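Trainee: This is a predicted model, with the sequence first.
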Amino acid sequence: MRKYDVIIIGAGPNGLTAGAYLAKAGLKVLLLEQRNEIGGGLDTQDVALPGYLNNLHAIYMMMVDFAPPYKDLKLEEQYNLKHVYPALQFAMPFSDGRCLCLYSDVERTCSSIAKFSRQDADTYREVYHKFRSYVQDFLGPATYVPAVPTLDQAVKMQQTELGRELFELAEKSPKEIVEELFTNDQVRTMILYTICMWGLEYDTTGIGYLAPLYFNRATNYRLCVGGSHMLAQTLHKIVTQNGGLALTSERIKRIIVEGGVAKGVELEDGTIVLTDKAVLSTLDTHQTFLKLVGEENLSPDFVGSVKSWQWEKWSFLNVHMALEAPPSFAAAASDPEINNAFVYIIGFETMEDLISHYEATARGELDERFFDCSFPSVHDPSQAPPGKCTGLISQRVSYRLKEGGANRWYNFNFKQEYAERCIATLNKYAPGTKDKVLAKYISTPVDIENKFPDMVEGSIKQGLYHPLQMGYMRPNEECSLHRSPVKGLYMGGSCTYPGGCVLLGAGYLAAAAIAEDFGITKWWPEPESVAEARRKGTI
C-alpha cells in the first residue's frame, strides 16, 4: 500500500501543471494516467510516416503570453521549451484568387482587409486595440484567478467602463457582434470563423464576452517547436525533478470515499493508493463522480446537476498528412508570403456558407468543401524530414452522423474516401497538393473519444461552452472553485473553470486551491497581469 500527499488522476496538460506546482511546493505527488504515455491532448506522433511529426490533438497554443506556468516554471528560459510565432496567422483564400489575411501586426492586417473594404480596415484597427485592452485588463488575467459567483461578477463589471462594455457584449451572439462591426461579407466570414473556431456557437448569447478574447487570440497563436508533446515533456520533467511520479497504463476502479472524505484510489488490479491530503481529478464530471466516486456518496441534487451536463455538439475530423513538399497556394501568385500562413480557412466564400456548414454539422451532415488546415513543418522544420512537410486538415463534424450514426466513423473505406474528398478541395486552392501526399492518418470524433475517454462523444473541451456551463457554473456551483462536495476531492480538468484548449488554467487554479486548503506555502507569485488588473479595479 502506497501513500502520497496528492494523487492526480490524469496526466494531461492540467494534471501535469498541477503536479509541477505542487511537487515544487514540496508535496509528494503521484500522477496516474490511463494511456501508455503522458500528455493527454499534447500528443505528437509520427503516425502517417516515420519522421513526420503530427500533432494529433492540440496544436495552436493560444495563451503562451498569459498563462502563469510559462513564467513561474521557467518553461522557456530554463527548460528550453520553444515556440514559433508566425507573422501570418490566418489566410483565407477565395475562389477568385484573392486572399484575406490576419497578421500578428495589426497594420499589415488592415492593409489586407482594405483590399476588401477600407471601412472594415479602419474598424478592425479600432476594434483590435479595444479588444486587446479587454484581454489585457480583464479577460486574460481573469483566466487565472478563481471564478466569481455570477451575480457578484455582474455587479463588479458594472463598476468599470470596460466591465460595462463586456457586460453589454455578453448578451450578443458572435454573429451579432461581427455583423454590427463589419460590413464586407468576406471579412465578416473570416472574423466569425476565428471567433467560433474553439467552441462558441455562432448564435449563442450569454457568453459574447468571449468574442473579444478569441478575436484577440486569432493573432496570437504559437506552435511548440518539436511538437505539442514538448510542453507535456517539459512539465513532466519538472514533476520528476521535484520528487513527483507519473505512472502510465494505470486504470482506476474507484476513488475511495470514507465518511464523505476522499482517502485515495483503488486501481483495477486491486492496488490501493492512499493520500494524506487530496485527490485531484482532471477527468470529466461523469467519470469522476458517477463512475469513480459513485452516486451513493453524493447528494441526489448534485448527481442531477452532473447528469444534466451537456457535451459539445460537434467534434473534429482530422486528416494528418505526410507530404513530399510544402503546398503552394494559388493566391500566393500575388503574395508569396501566403504560403507561410499558420492556419488556412478553406472553402468559405460568404457568411451564408459558414452558417449553413455549422447548421449542417448540427444535423449530422458532412461537406468536404469547408475546413481549416495547417502545415506545421513550414514553421518548425524539425517536425518533418528535410525538404518534406507535415499537414493537417481539421473539420468541424458531428459525432453522430445523419446516415449511420457514430458507428459510421468506424468504416475504414468511408473515412478514407471522405478524407480524399477533403484533400481534393484543398487541391483546388493549392494546386498539386494532392500529388504531394505520401501518406495520411485519419482521426474521427469516435477515435478521439476512444483515445481520450474524458472527451465524451469527441467533446474536445469536456463539455459545451454555454452560459450555464461557463464561469462560476463550470461545471457547477459546487465545483467551480476546483473543490467538490467530497472533502479532499478536487477538480482540475477542462470541464472546470476556465475551460479547455490548453489554457493550463484549470490545473493552475486547482493547485492553488489545494495549497490554500492545506496551508502549503505558495512559492509562486501572483501573475503581474492579475496584479495590474486588480490595481485597475477590473478584477
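Mentor: Ah, there it is.
Trainee: how about low-confidence regions in the stretch 1-150 of the chain?
Mentor: Residues of the stretch 1-150 of the chain that meet the criterion pLDDT under 70 lie in 1.
Trainee: Could I get the full set of strands for it?
Mentor: Secondary structure of the stretch 1-150 of the chain (DSSP state E, counting those that start in this stretch): strands located at 2-9, 29-32, 44-45, 54-55, 83-84, 88-93, 99-103.
Trainee: for the lowest-mean-pLDDT helix or strand in the chain, packing partners?
Mentor: The element with the least model confidence among the helices and strands of the chain, by mean pLDDT, DSSP states H and E, is helix 150-157, at a mean of 90. Using 3 or more Cβ pairs under 8 Å, 6 or more residues apart in numbering; DSSP states H and E as the contact test, the elements touching helix 150-157 are helix 161-170. Yep, even glycine has a C-beta here, placed from its N, CA and C like the rest.
Trainee: All the helices of the stretch 1-150 of the chain, in order from the start?
Mentor: Along the stretch 1-150 of the chain, the stretches classed as helices by DSSP state H, counting those that start in this stretch are 13-24, 68-72, 106-114, 118-134, 140-142, 150-157.
Trainee: Which one, of those helices, ends up nearest to Pro300?
Mentor: helix 150-157 (23.5 Å; Cβ to Cβ).
Trainee: If you count neighbours, what's buried in that closest one?
Mentor: Within helix 150-157, the residues that qualify as buried by neighbour count (16 or more other Cβ atoms under 10 Å) are 150, 153, 156-157.
Trainee: And stretch 87-106, by the same measure?
Mentor: 88-94, 99-103.
Trainee: cool, stretch 64-77 as well?
Mentor: For stretch 64-77, a neighbour-count test (16+ other Cβ under 10 Å) marks 64-73, 75 as buried.
Trainee: And for stretch 137-146?
Mentor: 137-145.
Trainee: Kindly report the same for stretch 160-177.
Mentor: With the criterion 16+ other Cβ under 10 Å, stretch 160-177 contains buried residues 160, 162-163, 165-167, 169-170, 172-177.
Trainee: Quick check: the two most widely separated of these?
Mentor: Thr160 and Lys175 (26.8 Å).
Trainee: which residue is nearest the middle of the protein?
Mentor: The C-alpha lying nearest the average C-alpha coordinate of the chain belongs to Cys501 (Cα atoms, centre = their mean; 1.2 Å).
Trainee: Spatially nearest residue to Val456, not counting backbone neighbours?
Mentor: Using Cβ to Cβ, 6 or more residues apart in numbering and skipping the chain neighbours, the partner closest in space to Val456 is Trp311 (5.2 Å).
Trainee: Could I have the CA atoms of the strand or helix carrying Lys175 written out in CSV?
Mentor: Secondary structure assignment for Lys175, by DSSP states H and E: helix 174-181. As requested, C-alpha coordinates have been extracted for helix 174-181 and formatted as CSV (Å, rounded to 0.1, in the frame of the first residue of the first chain):
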residue,chain,number,x,y,z
PRO,A,174,-20.9,36.1,-32.1
LYS,A,175,-22.8,36.6,-35.3
GLU,A,176,-24.5,39.8,-34.0
ILE,A,177,-21.2,41.2,-32.8
VAL,A,178,-19.5,40.6,-36.1
GLU,A,179,-22.4,42.0,-38.2
GLU,A,180,-22.5,45.1,-36.1
LEU,A,181,-18.8,45.8,-36.5
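Trainee: Next SSE downstream of it?
Mentor: Downstream of helix 174-181, the next assigned helix or strand under DSSP H and E is helix 185-196.
Trainee: Quick check: buried residues in that following helix?
Mentor: For helix 185-196, the buried set under the neighbour-count rule, 16+ other Cβ under 10 Å, comprises 186-196.
Trainee: Taking the residues you listed together, which two end up most distant?
Mentor: Of all pairs drawn from the buried residues of helix 185-196, the greatest distance, 16.1 Å, lies between Gln186 and Cys196 (Cβ to Cβ).
Trainee: Tell me how many other residues crowd Tyr497.
Mentor: Other residues within reach of Tyr497, judged by other Cβ atoms under 10 Å, total 26.
Trainee: Make sure it is indeed in a helix.
Mentor: No: read with DSSP: H, G, I helix; E, B strand; the rest coil, Tyr497 is coil and lies in no helix.
Trainee: excluding its backbone neighbours, what's nearest it?
Mentor: Beyond its immediate neighbours in the sequence, the residue positioned closest to Tyr497 (Cβ to Cβ, 6+ apart) is Ala147, lying 4.2 Å away.
Trainee: List the residues that contact that neighbour.
Mentor: Each residue near Ala147 by Cβ atoms under 8 Å, 6 or more residues apart in numbering is listed here: 471-472, 474, 480-481, 497-498.
Trainee: If we use 6 Å, what do you get?
Mentor: Counting by Cβ atoms under 6 Å, 6 or more residues apart in numbering, Ala147 makes contact with 471-472, 480, 497.
Trainee: Equivalent analysis for Leu81, please.
Mentor: Under the criterion of Cβ under 6 Å, 6+ apart, the contact partners of Leu81 comprise 75, 234.
Trainee: what separates it from Thr219, distance-wise?
Mentor: The gap separating Leu81 from Thr219 is 22 Å, by Cβ to Cβ, to the nearest Å.
Trainee: can you count the residues close to Glu457?
Mentor: Residues lying near Glu457 (other Cβ under 10 Å) number 17.
Trainee: Please apply the same query to Lys307.
Mentor: Other residues within reach of Lys307, judged by other Cβ under 10 Å, total 12.
Trainee: For it, which non-adjacent residue is closest in space?
Mentor: Leu290 (7.4 Å).
Trainee: Perfect, that will be all.
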